[in-house]
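Visitor: Sequence and predicted model, in that order:
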Amino acid sequence: MQAQRPGTPSAAITATITRNGDRPLHHVDARYLSWSIDISVFAGGFWWEGTTRARRGIGTSRLAPLSLKGKKFNRLVAALGPAYLRIGGSEADKIHYFDSPPGESNSLVLSREQWDALHTFLQRHDLKLFFTFKYGLFRRQQHGRWGGGEVEQLLQYSRERGYRIDVFELGNELNAYWAFHGLRAQPGAKNLARDYRTFKVLVRRYYPEARVCGPGSAFWPRLGETIRPISNITPKFLRELAGELDIVDWHFYPFQSERSPLRTLRARRRRMVDPASFEYFDRYSRQLADLRNRLQPQADIWTGETGSAQCGGQPYRSDRWVSGFWWADQLGQGARLGQKVMVRQALVGGDYGLIDRLSLKPRPDYWVSWMWRQMMGTAVYPVSSSLPHIRAYLHGAASGDGLCLLLINLAAQPAELALQGFGPVGRRYTLTAKYLTSRKLRINGIKPKLRSGELALADFPPASGAATLPAYSISFWEIPGAAPGQYSTSSISIPSGS
């Protein structure tokens, strides 16, 4: 596939978008679109920029710790909130809290100053902390005997200072310990459940109101939860901990970067706009929902980590316009499937960061996220499209007035739409770019940027002319005043030139 220019003249395709019911399917969390800062970026560990390979699940370039004080960075964060902020990642299981052990002067340490700065940052932006605590047991004979001495030190310090921690997770992608730390490090589900019980008791001692989530297993396209019986731990883990989790979470990347040692679906341009690539998220989400319903019915489901391509993102793909399509679609899919929160890896850092770590420039996925926050409310309604390349998702409008229709055109041709079950369309915002590999996009023809630290929908002129979907575009259409049932039998056609 060539890097086609979306404006290239081509015959339009026609799709029918049908509203399939008046009642919401689900309600997502008000902080549904959330994001992470990897512990390696935050504390100064090993990371991906400038590297071409992974070493035991992490990059090979050592970073300086991330500053949370920059004015530009904070303006960009403020425009995306409120959200959950997850601090986790592969080095979460190797980090030390506050002090290095004797003889480990070069180890990764989360300092008191960094922890204090993080909580100032959280309060500044009304963020809720989702923290991955250290499991750190790398020998089989240690499994089932987690003690949590270092973790308790951190909890005690935090409680004394009145710091809030909202969601607690033990260990990062524990089903993939075999890949990160060697085969002998892989915990079994039964021992892991025993360690989680110990962890939960410790959490409740200091934060009785907080939620505990797990197991945060990594799933791969085509493979699912990887190798049976070594690392397919989620079913047995949930069974062993029946009724004890507040959140069942999982990690999913739809593609793998060239750095990833295990590549089941490479991050290539043609695949990133192929609707078949998006079906794996649906498949594994439904499998996890079935396990939750049977074994942890009291728990919510979260996607606790997701990004365009595993191992830092794919250079020249994850930071370009072509990456926006999976992200918009997965936000829509996750909400429609009943997941409460979607945590994007990462807010900053790597090729998949919403914000470039070095330049602090927002990338295309940042603006897709910003538009979602502006337009899509928490109520999720049923809707369908007649064509696989035209993706449709329907929410209550973020404004509280009517509905908002998210429309994604994965085709190289513009699309004419017939809407069934909807009333007249109000405001329309369409995201486009010159090429799939463009670094910058436009919203209704205008390049978005913060002006004096602020940005509003009013900065973009209302769409005019033909109400079509341009080739390779993402659109948000408001249906104002659409009370449930108001347009249950109406149909309108929106042809080109209307």
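Guide: Nice, I can see it.

Visitor: Quick check: which ranges of the stretch 351-498 of the chain have low pLDDT?
Guide: 483-498 (pLDDT under 70).

Visitor: mind listing the helices for it?
Guide: Using DSSP state H, counting those that start in this stretch, the helices of the stretch 351-498 of the chain run over 364-375.

Visitor: One more: the chain?
Guide: 39-43, 71-78, 112-124, 149-160, 177-181, 189-206, 234-240, 269-272, 279-295, 324-336, 364-375 (DSSP state H).

Visitor: for the first one, packing partners?
Guide: By that I understand helix 39-43. On a contact count with 3 or more CB pairs under 8 Å, 6 or more residues apart in numbering; DSSP states H and E, helix 39-43 meets strand 46-47, strand 84-88, strand 109-110, helix 112-124. Backbone N, C-alpha and C define where each C-beta goes, glycine included.

Visitor: Now do the same contact list for the closest residue to Phe325 other than its chain neighbours.
Guide: Spatial nearest neighbour of Phe325, excluding adjacent residues (CB to CB, 6 or more residues apart in numbering): Val273 at 5.6 Å. Each residue near Val273 by CB atoms under 8 Å, 6 or more residues apart in numbering is listed here: Met1, Val322, Phe325, Leu410, Leu436, Tyr472.

Visitor: before we move on, what about Leu450?
Guide: Counting by CB under 8 Å, 6+ apart, the residues that Leu450 touches are Arg75, Leu76, Ala79.

Visitor: so what's Leu441 up against?
Guide: Leu441 touches Trp321, Gly324, Pro364, Trp367, Leu431, Thr432, Ala433, Lys447, Pro448, counting by CB under 8 Å, 6+ apart.

Visitor: give me that answer again for 10 Å
Guide: 320-321, 324, 363-368, 431-434, 447-448, 473-474 (CB atoms under 10 Å, 6 or more residues apart in numbering).

Visitor: Please list only the buried members of those.
Guide: Buried members of those, scored by 16 or more other CB atoms under 10 Å, are 320-321, 324, 363-368, 431-433, 448, 473-474.

Visitor: Among those residues, which one sits closest to Trp115?
Guide: Taking CB to CB as the measure, Trp115 lies nearest Tyr366 of these, at 26.5 Å.

Visitor: Phe237 versus the nearest residue to the closest one once chain neighbours are set aside, what's the distance?
Guide: Using CB to CB, 6+ apart and skipping the chain neighbours, the partner closest in space to Tyr366 is Leu354 (4.2 Å). Look at Leu354 and Phe237: by CB to CB, to the nearest Å, they are 31 Å apart.

Visitor: show me what contacts the residue nearest to Tyr366?
Guide: Applying CB under 10 Å, 6+ apart, the residues near Leu354 are 35, 76-77, 80, 307, 319, 327, 344-348, 362-370.

Visitor: switch the cut-off to 6 Å
Guide: Each residue near Leu354 by CB atoms under 6 Å, 6 or more residues apart in numbering is listed here: Leu347, Asp365, Tyr366.

Visitor: In TSV, list those along with distance to Tyr393.
Guide: TSV is the format used below for the contacts of Leu354 (distance: CB to CB, whole Å):
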residue	distance to Tyr393
Leu347	23
Asp365	17
Tyr366	20
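
Visitor: Now flag whichever of those residues is closest to Ser257.
Guide: Taking the contacts of Leu354 together and measuring to Ser257 by CB to CB, the closest member is Asp365, at 15.0 Å.

Visitor: Look up how far Arg53 lies from the closest one.
Guide: From Asp365 to Arg53 the distance is 24 Å (CB to CB).

Visitor: Same check on Glu160?
Guide: For Glu160, the distance to Arg53 - CB to CB - is 42 Å.

Visitor: And Ala185, by the same measure?
Guide: Taking CB to CB, one finds Ala185 at 21 Å from Arg53.

Visitor: Name the residue in those two with the higher neighbour count.
Guide: Ala185 (19 against 12; other CB atoms under 10 Å).

Visitor: Leu25 and Thr378 touch, don't they?
Guide: No: the criterion here is CB atoms under 6 Å, and Leu25 misses it with Thr378 at 11.7 Å.

Visitor: just so I know, which of the helices and strands packed on helix 39-43 lies nearest Ile13?
Guide: So among the helices and strands packed on helix 39-43, strand 84-88 is nearest, using CB to CB, at 38.1 Å.

Visitor: which other residues reach that closest one?
Guide: By CB under 6 Å, 6+ apart, strand 84-88 touches 31, 34, 36-37, 39, 127-132, 172, 343.

Visitor: any idea how far the most centrally placed residue in the chain is from Leu174?
Guide: Compute the mean C-alpha point of the chain, and by CA atoms, centre = their mean the closest residue is Arg344, 2.6 Å away. Applying CB to CB, the value for Arg344 to Leu174 is 21 Å.

Visitor: how close does the residue nearest to Pro382 when sequence neighbours are not counted get to Phe278?
Guide: Spatial nearest neighbour of Pro382, excluding adjacent residues (CB to CB, 6+ apart): Asn20 at 3.9 Å. Distance, Asn20 to Phe278, by CB to CB: 19 Å.

Visitor: Compare those two (neighbour count), which wins?
Guide: When neighbours are counted by other CB under 10 Å, Asn20 and Phe278 differ, and Phe278 comes out ahead with 22 against 12.

Visitor: Next, work out how far apart that one and Arg271 are.
Guide: In terms of CB to CB, Phe278 sits 10 Å off from Arg271.

Visitor: do Glu169 as well
Guide: From Glu169 to Arg271 the distance is 30 Å (CB to CB).

Visitor: Counting neighbours around each, name which of these two comes out higher.
Guide: Glu169 (27 against 18).

Visitor: Now do the contacts for the nearest residue to that one once chain neighbours are set aside.
Guide: In space, and not counting its chain neighbours, Glu169 is closest to Thr132: 4.6 Å by CB to CB, 6+ apart. Taking CB under 6 Å, 6+ apart, we find Thr132 in contact with Gly88, Ala92, Glu169, Asn172.

Visitor: Same list (these) but as CSV, adding distance to Glu258 and pLDDT.
Guide: Compiled in CSV, the contacts of Thr132 are given as follows (distance: CB to CB, whole Å; pLDDT from 0 to 100):
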residue, distance to Glu258, pLDDT
Gly88, 23, 98
Ala92, 24, 96
Glu169, 29, 98
Asn172, 22, 95
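
Visitor: of those, closest to Glu244?
Guide: Distance to Glu244 across the contacts of Thr132 (CB to CB) is lowest for Glu169, with 13.9 Å.

Visitor: Report the beta-bridge partners for the closest one.
Guide: Thr132, Cys213 (DSSP bridges).

Visitor: Cross-check the contact I'm expecting between it and Arg211.
Guide: No: if you go by CB under 6 Å, Glu169 and Arg211 don't touch, sitting 9.7 Å apart.
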